[in-house]
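just need the structure, nothing else, for what follows:
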Amino acid sequence: MPHHSADVLIIGGGLGGVAAARAALTLGASVILTEAEEWLGGQLTSQAVPPDENPWIEDFSSAGYRELRDRIREHYRSHYPLTPEARADERLNPGAGFVSALCHEPRVAAAVLDDMLAEWLANGRLTVLRRHEPASVTRSEDRVTSVTVRDLATGERRVLAGSIVLDATELGDLLELGGVPHVIGAESRSQTGELHAPEIADPMDQQAITWCAALEYRAGESHVIDEPAGYAHWRDTVDPRWPGPQLSWSDIHPITLEERYRPLFTSTPEAAVHEADRDLWHYRRIVARQHLEPDYPGGEITLVNWPHVDYWELPLLGVPPQTRQQAELAARDLTLSFVHWVQTAAPRSDGGHGYPELRLAGEVLGTDDGLARAAYIRESRRIRAIFTVTEEHIGCEMRGVAEGSEVFTDTVGIGHYRIDLHPSTSGRTYVDIASFPFQIPLGALIPVGTANLLAANKNIGTTHITNGAYRLHPVEWSIGEAAGALAAQCLATGSAPATVRARAEELRAFQGLLAGELGVPLAWPDEIRRTGRPDAVPAPARTAGSAS
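Sure, this is the predicted structure:
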């Protein structure tokens, strides 16, 4: 088998893997980066989820993440027929969706991420192996010595090695393959002390996955797909945690757990082109007609990542491979069934039933069928870390409304998201509770028992509960950024990751590197940390060296 090596080996090319690669490369290391999909970017691209972000993201995020967001906007300015008003908007939201200040097409993010790595591909310090998944891990005592990956197109295997290995996979694959101690599902309240943890630990309590889709509105046309195999099942089955069949406009409010009705459009589809109402169409809209010149030939496009297509019947982890495959196929069938229902039977806001004018828009997802390249994964295997973040560190209810989040001396980044757990494969409904803006502790990236492996995705030392806050786009980027920088720092100093954290002088030097050379914020302004109010402090001025 072919053998390849680099200073840093990163398995998994989602946002965490890309951020890790950029950080390590910026600091002088060579990198091999592998990804199971054709596109880099994970949840932002292959999984087709517009970025869920906090209210301060424009001003309190790392230079690298701001560069990603700025480049996405510039891509639209350079390549799309924007109106003069949209082109001049410094904070352009291409889709004008309200889930994010930057709703955009997954294919654009994929192109931008490739461009952000291009200089290192050109000079040979970066090798990217797409459509490669990990097949086995070789260890020598407490070190990972190599990872064998399989080419998904040809079946060929390659042996890869790095002085530091990062698991940035979507499901924490190296943890299982390498025998790294880890957790799946929910811990019990007695294990974590968390207010919202279940009384009994349940490995099968895993968040729903979602197979996203893109829909384009084409007035006067018909694009109805064939009835999927499981359509009758999803149309007729009633689950105790849901107000009725999933094929409806009703769902459950994730906080109050009360039934709510959210139609596709609150008025006519034609009027919706010029409106910004909070219906499902505008929720994750990624192409907004209002930003485009009148002669633009395409229609508006929205991204279907709605509660109605959350799949929770079977888990992905702790089950045989055939069960995981069955779950993934069923998730696809659910989404296609929902699309067919919307096209043929859904109540219309302007009267009648069905929206045949909605077309599955695979071109923005890089697919022929209009579904995303991969399922949206909310929960991974999680390392048993030398430090684990619990609800007590970030949860508003547990800490008290005036306390703010825990201040970590080993902080390597910041983030914020509600503790948001979707219905699970154990029968649990939503857990959606407030959290304070938080820090990312270095100890959560370092596993026990493996000296040269780091977690670089949603597989860090969180619990089932706090994973719900640490799993979204900007936090995953910050986790990867810290892991890649730590790998480069360890190579430069000869220290192990755990040693950097344990020695105060080395930790301060590493934090200085993050804050200085990489532009990573390590702490929230105290008023934001304590209150979580978007208006708590004014935005900082960007320096000349900051990304614009």
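
what's the weakest-modelled helix or strand in this protein?
Every helix and strand in the chain was compared by mean pLDDT, DSSP states H and E; the lowest is helix 269-272, with a mean of 68.

from residue 169, how far out is residue 201?
According to CB to CB, to the nearest Å, residue 201 and residue 169 sit 24 Å apart. For the C-beta atoms, the positions are set from N, CA and C on the backbone; glycine is no exception.

now swap in residue 357 and tell me
Counting by CB to CB, the gap from residue 357 to residue 169 is 39 Å.

ok, now residue 135?
Using CB to CB, residue 135 is found at 12 Å from residue 169.

more neighbours, these two?
Using other CB atoms under 10 Å, the more surrounded residue of residue 135 and residue 169 is residue 169, with 31 against 14.

give the contact list for the more buried one.
Residues counted as contacts of residue 169 (CB atoms under 8 Å, 6 or more residues apart in numbering) are 11, 12, 14, 36, 134, 380, 457, 459.

SS state for it?
Put simply, residue 169 is coil when judged by DSSP: H, G, I helix; E, B strand; the rest coil.

again with residue 147
On the three-state scheme (three-state DSSP), residue 147 is labelled strand.

identify the bridge partners of it.
residue 137, residue 160 (DSSP bridges).

element containing residue 326?
When secondary structure is defined by DSSP states H and E, residue 326 falls within helix 321-344.

which neighbouring elements make contact with that helix?
With contacts taken as 3 or more CB pairs under 8 Å, 6 or more residues apart in numbering; DSSP states H and E, helix 321-344 sits against strand 209-210, strand 213-217, helix 231-236, strand 301-304, strand 310-311, strand 358-360.

tell me the two of the contacts of residue 169 that are most distant?
With CB to CB as the measure, no two of the contacts of residue 169 lie farther apart than 36 and 459, at 14.9 Å.

and those two? Which one has more around it.
residue 459 (33 against 25).

show me the contacts for the closest residue to the more buried one other than its chain neighbours.
Once flanking residues are discounted, residue 459 sits nearest to residue 172: 3.6 Å by CB to CB, 6 or more residues apart in numbering. If you count contacts by CB under 8 Å, 6+ apart, residue 172 has them with 182, 380, 381, 382, 383, 455, 457, 459.

residue 285 versus residue 401, what's the distance?
According to CB to CB, residue 401 stands 34 Å off from residue 285.

residue 181 is in contact with residue 382, isn't it?
No - applying CB atoms under 8 Å, one finds residue 181 not in contact with residue 382, separated by 10.2 Å.

which of these two has more residues huddled nearby?
Neighbours were counted for residue 181 and for residue 382 using other CB under 10 Å; residue 382 has more, 27 against 12.

excluding chain neighbours, what is closest to that one?
Closest residue to residue 382 apart from its sequence neighbours, by CB to CB, 6+ apart: residue 183 at 4.9 Å.

hmm, that neighbour is touching residue 380, no?
No - contact between residue 183 and residue 380 fails when scored by CB under 8 Å: they sit 10.0 Å apart.

mutual contacts of the two, please.
The overlap between the contact sets of residue 183 and residue 380 (CB under 8 Å, 6+ apart) is empty.

comparing those two, which shows the higher neighbour count?
In this view residue 183 and residue 380 are compared by other CB under 10 Å, and residue 380 has more residues nearby, 27 against 23.

which phi and psi does the more buried one have?
Backbone torsions of residue 380, given as degrees, to the nearest 10, read phi -120, psi 170.

what's the spacing between it and residue 208?
The value you get for residue 380 to residue 208, if CB to CB is used, is 14 Å.

again with residue 63
34 Å.

likewise for residue 1?
From residue 1 to residue 208 the distance is 38 Å (CB to CB).

what about these two, which has more around it?
It is residue 208, of residue 1 and residue 208, that has more neighbours when counted by other CB under 10 Å, with 20 against 7.

ok, that one - contacts?
Residue 208 sits next to 310, 311, 312, 378, 422, 423, 424, 425 when contact means CB under 8 Å, 6+ apart.

with residue 498 instead?
Contacts of residue 498 (CB under 8 Å, 6+ apart): 386, 446, 451.

wait, the last one sits on residue 139?
No - under the criterion of CB under 8 Å, residue 451 is not in contact with residue 139, lying 10.4 Å apart.

pull the contacting residues for residue 49.
43, 212, 303, 305, 376, 473.

let me know the closest of those residues to residue 333.
residue 212 (14.0 Å).

and the closest one, how many neighbours?
Residues lying near residue 212 (other CB under 10 Å) number 27.

residues contacting it?
Contacts for residue 212 (CB under 8 Å, 6+ apart) come out as 47, 48, 49, 303, 304, 305, 309, 335, 365, 371, 372, 376.

next one: the residue nearest to the fourth one when sequence neighbours are not counted from residue 505, what distance?
Read it as residue 303. Spatially, and ignoring its direct neighbours in sequence, residue 303 is nearest to residue 284 (4.0 Å; CB to CB, 6+ apart). Note on residue 284: its distance to residue 505, by CB to CB, is 46 Å.
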